[in-house]
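Participant: model this:
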Amino acid sequence: IINQQKKPGKHLTYPLKKFTTIEKKETKQTIVELLLEHPVPVSSLEIKINDTVDYYRPITIQYLTDSVKTEQGWMYNYQTLLSGTLNSFEKQQWEWESRLVQKLRIIIDNQDNQALSVGEVVLQGYVHELLARFSMPGTYALYYGNKNASRPVYDLNHFADKVPLEAKLVDMGEELNSGIQEPKVGESFFDNKWWLWLVMGIIIVLLGGFTFSMIKKK
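Facilitator: Numbers count the residues shown, from 1 in each chain. Sure, this is the predicted structure:
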């Protein structure tokens with residue numbers, strides 16, 4: 001009655017800039033931190049374990065949403081992508097809807113078991129293609145970077161089944177910089193702590209002078 005087919009898409013494997021494994025004995029957890037060179041759309045993660053023993057442990061995959069600098073240092077806020085089980089029964093690969101990330105964190109709950117040795121983590125993302133239909137010859141330009149721009153509406157959106165499997169590749173010219181630069185915000189007067197200390201010192205001296213003059217008059 002129902003025949004469901006899945007067509008595998010094309011993937012890109014992103015190289016890691018930094019790979020860090022932290023063992024937390026107090027919480028019985030292994031935390032693996034992954035850092036990419038730039039924010040990229042990631043949709044798949046595979047973990048390769050060096051150990052040959054059987055294992056079955058809860059796992060949580062998170063990504064960094066934002067960070068705040070405080071007096072005690074940087075505070076990182078993570079959001080959970082998915083939770084599952086890390087096991088030795090099958091290939092340990094998880095997929096989710098493509099999301100733009102740069103830093104991820106994997107939390108493995110070891111419970112009362114010895115920590116596993118994480119050998120490699122593979123991050124992948126779909127190959128994104130931009131399809132366009134040109135009905136008339138001309139000079140076309142592709143603009144990007146406007147976060148407030150709305151999604152365009154074209155007829156092509158309603159005829160995905162008629163898009164040729166092997167569309168002609170468009171030769172792109174050299175990327176041009178608009179030359180528009182955001183004005184640099186200079187450091188305000190009160191951002192400098194030395195000026196603040198100088199102003200406070202002058203105020204203290206003036207208040208002390210007025211106080212002594214009033215005492216003498218009495």
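Participant: For stretch 43-58, give me every contacting residue.
Facilitator: By CB atoms under 8 Å, 6 or more residues apart in numbering, the residues outside stretch 43-58 that reach it are 11, 59, 61, 83-89, 91-99, 104, 106, 108-111, 113, 116-126. The way it works is simple: take the backbone N, C-alpha and C, and place the C-beta from them, glycine included.
Participant: mind redoing it with 6 Å?
Facilitator: 86-88, 92-95, 98, 108-109, 116-117, 119-126 (CB atoms under 6 Å, 6 or more residues apart in numbering).
Participant: And it, what's buried?
Facilitator: 43-45, 47, 49, 55, 57 (16 or more other CB atoms under 10 Å).
Participant: again with stretch 118-130
Facilitator: Neighbour-count burial for stretch 118-130 flags 118, 121, 123-125 (criterion: 16+ other CB under 10 Å).
Participant: Let's have the residues you listed in a markdown table, adding distance to residue 17 and pLDDT.
Facilitator: Converted to a markdown table, the buried residues of stretch 118-130 look like this (distance: CB to CB, whole Å; pLDDT from 0 to 100):
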| residue | distance to residue 17 | pLDDT |
| --- | --- | --- |
| 118 | 17 | 93 |
| 121 | 13 | 94 |
| 123 | 11 | 95 |
| 124 | 16 | 95 |
| 125 | 15 | 93 |
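Participant: Inside strands: which ones of those residues?
Facilitator: 118, 121, 123-125 (DSSP state E).
Participant: Make JSON lines out of those residues and add distance to residue 211.
Facilitator: Output for those, formatted as JSON lines (distance: CB to CB, whole Å):
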{"residue": "118", "distance to residue 211": "67"}
{"residue": "121", "distance to residue 211": "67"}
{"residue": "123", "distance to residue 211": "66"}
{"residue": "124", "distance to residue 211": "71"}
{"residue": "125", "distance to residue 211": "68"}
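Participant: now, which of the residues you listed sits nearest residue 23?
Facilitator: Comparing these against residue 23 with CB to CB places residue 118 closest, at 10.5 Å.
Participant: picking that back up, generate CSV for the buried residues of stretch 43-58, with pLDDT as supplementary columns.
Facilitator: Below are the buried residues of stretch 43-58 laid out as CSV (pLDDT from 0 to 100):
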residue, pLDDT
43, 93
44, 93
45, 95
47, 95
49, 94
55, 94
57, 95
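Participant: and the two most separated of those?
Facilitator: Spatial extent of the buried residues of stretch 43-58 (CB to CB) is set by the pair 43 and 55 at 25.3 Å.
Participant: Where does pLDDT dip in the chain?
Facilitator: 178-193, 217-218 (pLDDT under 70).
Participant: Next, the angle strand 118-126 makes with the lengthiest strand in the chain.
Facilitator: The residue-count maximum for a strand in the chain (DSSP E) belongs to strand 29-49. With axes from the mean of the first three to the mean of the last three CA atoms, to 10 degrees as the basis, strand 29-49 and strand 118-126 are set at 70 degrees to each other.
Participant: Return the list of strands paired to strand 29-49, each annotated with direction.
Facilitator: Strand 29-49 pairs in its sheet with strand 16-24 (antiparallel), strand 93-109 (antiparallel), strand 118-126 (antiparallel), by DSSP bridges.
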